Structures are given as C-alpha cells and as structure tokens.
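In: what's the 3D shape of this:
(4 chains)
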2 protein chains.
Amino acid sequence: MARNAATIDEGTIGERAYRRIRTDILFGRLAPGEKLKLERLKDDYGVSVSTLREVLNRLASEKLVVAEGQRGFEVSSVSADDLKDIASLRLLLEVHAIEQAFHGGDMEWEARVVAAHHKLAAMEERRRASNGADSEVWKRYDWEFHQALISACGSRELMETHGAVFDKYLRYQVLALTDRGDIAAREHRQLLECALKRDAATAGKVLRAHINGGVEHALAAGKIA
Amino acid sequence: MARNAATIDEGTIGERAYRRIRTDILFGRLAPGEKLKLERLKDDYGVSVSTLREVLNRLASEKLVVAEGQRGFEVSSVSADDLKDIASLRLLLEVHAIEQAFHGGDMEWEARVVAAHHKLAAMEERRRASNGADSEVWKRYDWEFHQALISACGSRELMETHGAVFDKYLRYQVLALTDRGDIAAREHRQLLECALKRDAATAGKVLRAHINGGVEHALAAGKIA
DNA sequence: TCAATCGTTAAAATCGAAAATATCAGACAA
DNA sequence: TTGTCTGATATTTTCGATTTTAACGATTGA
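Out: Presented below is the predicted three-dimensional model:
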C-alpha cells in the first residue's frame, strides 16, 4: 500500500506488474493457496515469463507467495494462527513506534497525523453512506494514517518492517470482507486524540483493542481455516 | 545464515546462486555500494541474466541490494545511522522474543539452547587460538545460538523477521573485521545462564549491552561512513 | 489387487538474443 | 568557459525459445 493513485503507470513493466499482482493478492483477487501458473499469469498481466518470475520472486521474499522447490509458485495460504501471529507482531512494532513517535514528534508530524486522519475519517463517513465501496482507497487511507502516526519514530527500518507486516494483516481484513467501520473509526479518532496529547500509554491500549478487534472480526467471518 | 554446510549444492541453480551472492554480500566480498553489473556477475556466478535478475530481485526485496529505476542493481550501502537503526530494531525484536521464549520454553528448548551454545563456545575458543579463522562458520553458530534462544517464542513471523534483521546487523560486524571475541563470548555465556534461570530481565540487559557493544565496536573500526 | 516402472504430457527453470534505456564524449553555440 | 545537443557505446530490461523437471496415467509383473 506504499503507493498512491498517481503511481499506477510509473516505472518499468516489471514494477507495474509487481504492484498489480501484489494488490491483487492483498485484496483477495488472487485467492490464498491459489496456484500461480506462469502461462496463465503471463496472459492475465501481459508480461513475459522472465519478468513474471522476477515479480514472483520478490513476492516470495515478502512471504506473500510461496515458492517451493521446482514446483512453481502459489499465493501463500491463510490460517487463524498466522493471523494471530501477524497481529501480535504488528502490535509489538506499532506500539513501540508510537512511543518513539509521540516522544519525538514535532509540529510537522502532528500535521501529517491530522491530515491523514482527516482523509481517513471522511472516507469512513462516506463508506457508511454508500455502503462499503472503494475498499482499496479506504484501506490505503487506513495504511497512511497508521504510517503517519509512527512517521516520527526516527527509524526507517522500523517503518518498513511495520509496513510489510501491516500489509499482511490487511489481507486478512479484506478477506473478512464486511468491515466493522464504526468501531474502527472511533478507535482511529481516539488514536488521533492520543497523538495530540502525546499519551502513548492510552494509545497503546487503544491500538491493542484495535488490532485484536480486527483479528476477532476476521475470524468471526469464518472464511479462514 | 539460515542454512548449513550440507545445503551448498541443493536446490535449483537460482537457489544456489541466491545463497552464494547473499553470503558474498553479508561477508563483504561484494562491497557496500558496489555496482552489480549483470555481465560481470553472470560470469562470476555462472548463471544467465534472467536467473541473475531473479536473485537480485529477491535480495532487493530484503534490502540487501537496491534496485533503482532502470539503472540496475547495487549492493546497498552502509552508514552509522543505518547500523544504529538496525541494532535498535534487532534489540526490540530479540528482547521481546526472549521474554516469550523464557516464559514458554520447555526442556526441548533448553536442550537446543545448550547445544547451540556449546558449539558457539567451542568455536569462540578455537578462534582465540587460531587467531580469527572460519569467520563464516563462527557467525553461523552465533546466528544459531541467538535463534535457539528465541526458538520457543511461539511466533514464526517474529523469528523470520528477527532473522532478516540479524543478518543485516551481521554484515556490519563482519565489516568491522576484528572481533571482540572475549567480550562477546562472556555475554553469550551470560545469556545461556539467564535462559536456564528464565531470567528475562537480566537477559534483556545483557542483550542490550551485547548489541550496543557490537555497534560501538563496528563504528570504532572506522570503516563506516 | 497392488506396487513399481515406463512413457507422455504439462509446467517450471534456464538460457541467449532483441529491444529499450541510460551513460558518456565530443561538437557546437552562447 | 559553460551549457546543451547529438551520436556512439554500455547496460539494463524484456522477450520467446530450449532444456529440465515434475505430474499423471497406463502397463506390466507379482
């Protein structure tokens, strides 16, 4: 989710294919466990096998696809245990990053947080009306808000790792399909308030509820083995 | 470092090339910032461009090489800030993992820790005598000991992420060349004792000193911008 | 009936060539 | 001198074809 609408047709062919396939996995259009046959994907995405394999190797490195032996690639599968595992790692990273960010954040940071929350809240409101459209944009705003929150943590490494874990978490949320918009929106607002008050302790608690709530919600949807 | 000597000629050509190039980066044989021209590497590693590009894409995904636009690949550069950043992330992950492992570790886990420490300690002793040979094996044992310590943390995701960060940290240690064998060996022993006593608090302190000491040592060597 | 072997087919891994793009040096004009 | 245009060269990106490997079913022998 580290890209915006303007980036769609930028970069090399391989780069574009990478972004397309990646979001297709994240948003379930390539289903968990699905076999990724080269010939088919080649046609679907209009690239050659070599380029395709470069893309799949990158995604394998991110654990979004698995590449076993010489038996090709498939979308990595999902499980309740994996979700819990990812959620707890996200929590560890994000809580720590928030503590750092709340401590070191300046006015620029505050502005980023407020701006990101504004966009996200507007989208959440709009979704309530139009009944769950624009999932992709909505989830990007969600991503951007959480990234903004930790953007003053002072560690690139931490932010990148968090981003990667966040995306894997996100796949499960999308899988659950139905969103718990109201609750999440309230928690987002609380996080914003905590940020402005530099109340890292409360933010940590809210975040724990936010993430664990998401896990429960995803599991309750019952689409995960 | 997630592989052992028996794995050298296993898997596909691409897989083998991946391992070779990766360790060559980790051990400085491919220097930080070095341009990775396809033609040269093709000859050096005896693979075709396509296969090579698959490998480099994977490594780019791990941030061990950078792939900018259509200007090819180069070994990712090093900096004092990056080292500190990596070290602090390693500390966060490893301390947390240790807490979990110390809490949940059973006898099997204890055995793994003791065994791993035994190998590591023997190697550290041997190095003192033979004056710094076998860096690669030594570092693998180091890796294995720390992985063993956290191997009962209950989270695959956490272990994999830690492993990736550890390897980046390791590159800096190798870069510094001279080792601080005695101090590190003592700290390893302390960690073992903490593990057997399930004293996560002390282990955390030792680990902090262990990692920060490594940072200081690497920086003092003065080979990093 | 079952297991093992062999052949056939489908798919993946690997390769080298072709196209696209960047880099660099020299010429020319301001 | 400085800047920029242009062509030549080096390098990367992309492609389709070839080689290798796995998957599957039929055949044979116990």
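In: So the spatially most central residue of chain A, which state does it fall into?
Out: Geometric centre of chain A, nearest residue: A:Asp167, 2.9 Å, by CA atoms, centre = their mean. At A:Asp167, secondary structure determined by DSSP: H, G, I helix; E, B strand; the rest coil is helix.
In: Quick one: name the residues of chain A near chain B.
Out: Counting by CB under 8 Å from any CB of the partner chain, the positions of chain A adjacent to chain B are A:11-12, A:50, A:53-55, A:57-58, A:60-63, A:69-70, A:82, A:85-86, A:88-89, A:92-93, A:96, A:155-158, A:160-161, A:165. For the C-beta atoms, the positions are set from N, CA and C on the backbone; glycine is no exception.
In: what do you get if the cut-off is 7 Å, keeping everything else the same?
Out: Listed as neighbours of chain B in chain A under the rule CB under 7 Å from any CB of the partner chain: A:12, A:50, A:53-54, A:57-58, A:61-62, A:70, A:85-86, A:88-89, A:92, A:96, A:155-158, A:161.
In: Confirm for me that A:Ile25 is in contact with A:Val66.
Out: No. Assessed by CB atoms under 7 Å, A:Ile25 is found out of contact with A:Val66, at 11.6 Å.
In: on that earlier part again, from memory the residue nearest to the centre of chain A sits against A:Leu26, does it?
Out: Yes. If you go by CB under 7 Å, A:Asp167 and A:Leu26 touch, sitting 6.1 Å apart.
In: The residue in chain A that chain B sits nearest to - how many residues pack around it?
Out: Nearest residue of chain A to chain B (CB to the nearest CB) works out as A:Ser61 at 3.8 Å. Close neighbours of A:Ser61, defined as other CB atoms under 10 Å in any protein chain shown, add up to 18.
In: if I pick it, what's in contact with it?
Out: Residues in contact with A:Ser61 (CB atoms under 7 Å, 6 or more residues apart in numbering or on different chains) are B:58, B:61-62.
In: Nearest spatial neighbour of it, chain-adjacent residues omitted?
Out: The spatial neighbour of A:Ser61 that comes closest, neighbours along the chain excluded (CB to CB, 6 or more residues apart in numbering or on different chains), is B:Ser61 at 3.8 Å.
In: Show me the contact partners of the helix or strand encompassing A:Leu196.
Out: Secondary structure from DSSP states H and E places A:Leu196 in helix A:181-197. For helix A:181-197, contacts defined as CB under 7 Å, 6+ apart pick out A:102, A:110, A:113, A:117, A:120-121, A:124, A:127-128, A:145, A:149, A:202-203, A:206-207, A:209-210, A:213.
In: got it, and stretch A:82-93?
Out: Contact with stretch A:82-93 is made by A:158, A:161-162, A:165-166, A:168-169, A:172, A:207-208, A:211-212, A:215, A:218, A:224, B:96, B:155-158, B:161, as judged by CB under 7 Å, 6+ apart.
In: Are any of these buried, and if so which?
Out: Neighbour counting by 16 or more other CB atoms under 10 Å in any protein chain shown classes A:158, A:161-162, A:165-166, A:168-169, A:172, A:207, A:211, A:215, A:218, A:224, B:96, B:155, B:157-158, B:161 among those as buried.
In: Helices of chain A, residue ranges please.
Out: With DSSP state H as the criterion, chain A has helices at A:13-26, A:38-45, A:49-61, A:80-104, A:107-130, A:135-150, A:156-176, A:181-197, A:200-220.
In: in chain A, what spans have low per-residue confidence?
Out: Residues of chain A that meet the criterion pLDDT under 70 lie in A:1-9, A:131-132, A:177-179, A:181, A:194-195, A:203-204, A:222-223, A:225.
In: Near DNA strand D, which residues of it are found?
Out: A:12-15, A:46-51, A:69-71 (CB under 7 Å from any atom of the strand).
In: Which among these count as buried?
Out: Among the residues of chain A next to DNA strand D, those classed as buried by 16+ other CB under 10 Å are A:14-15, A:47, A:50-51.
In: residues contacting the residue of chain A positioned farthest from its centre?
Out: Distance to the chain centre peaks in chain A at A:Gln70, reaching 29.8 Å (criterion: CA atoms, centre = their mean). By CB under 7 Å, 6+ apart, the contact set of A:Gln70 is B:Thr12.
In: Isn't A:Ser76 up against A:Lys63?
Out: Yes. When contacts are counted by CB under 7 Å, A:Ser76 is listed as touching A:Lys63 (6.0 Å).
In: Confirm for me that A:Arg22 is in contact with A:Leu59.
Out: Yes. Taking contacts as CB under 7 Å, A:Arg22 lies within contact range of A:Leu59: 6.3 Å.
In: So between the two, which is more surrounded?
Out: Counted by other CB under 10 Å, A:Arg22 and A:Leu59 do not tie: A:Leu59 has more neighbours, with 24 against 20.
In: residues near A:Ala80, how many?
Out: Each residue near A:Ala80 was counted by other CB under 10 Å, and the total is 13.
In: Contact residues of chain A facing DNA strand C?
Out: Along chain A, the residues adjacent to DNA strand C under the rule CB under 7 Å from any atom of the strand are A:35-39, A:49-50, A:53, A:67, A:69-73.
In: please redo it, this time with the cut-off set to 10 Å
Out: A:11-13, A:35-42, A:48-54, A:56-57, A:60, A:67-74 (CB under 10 Å from any atom of the strand).
In: Tell me which residue of chain A lies closest to DNA strand C.
Out: Residue nearest to DNA strand C within chain A: A:Gly72 (3.0 Å; CB to the nearest atom of the strand).
In: Let me see the contact set for that residue.
Out: Contacts of A:Gly72 (CB under 7 Å, 6+ apart): A:Leu36.
In: Please report how far it lies from A:Ser48.
Out: For A:Gly72, the distance to A:Ser48 equals 16 Å [CB to CB, to the nearest Å].
In: How many residues are close by the closest residue in space to A:Ala133 that isn't next to it in sequence?
Out: Among residues not flanking A:Ala133 along the chain, A:Arg127 sits closest, at 6.8 Å (CB to CB, 6+ apart). Other residues within reach of A:Arg127, judged by other CB under 10 Å, total 18.
In: Same question for A:Leu52.
Out: Counted by other CB under 10 Å, the residues lying close to A:Leu52 total 23.
In: Please apply the same query to A:Leu196.
Out: Using other CB under 10 Å, A:Leu196 is surrounded by 14 other residues.
In: Equivalent analysis for A:Val78, please.
Out: Applying other CB under 10 Å, I find that A:Val78 has 21 neighbouring residues.
In: That one: what's it in contact with?
Out: Contacts for A:Val78 (CB under 7 Å, 6+ apart) come out as A:32, A:172, A:175, A:224.
In: what does A:Gly154 give?
Out: A:Gly154 touches A:100, A:104, counting by CB under 7 Å, 6+ apart.
In: All set now, cheers.
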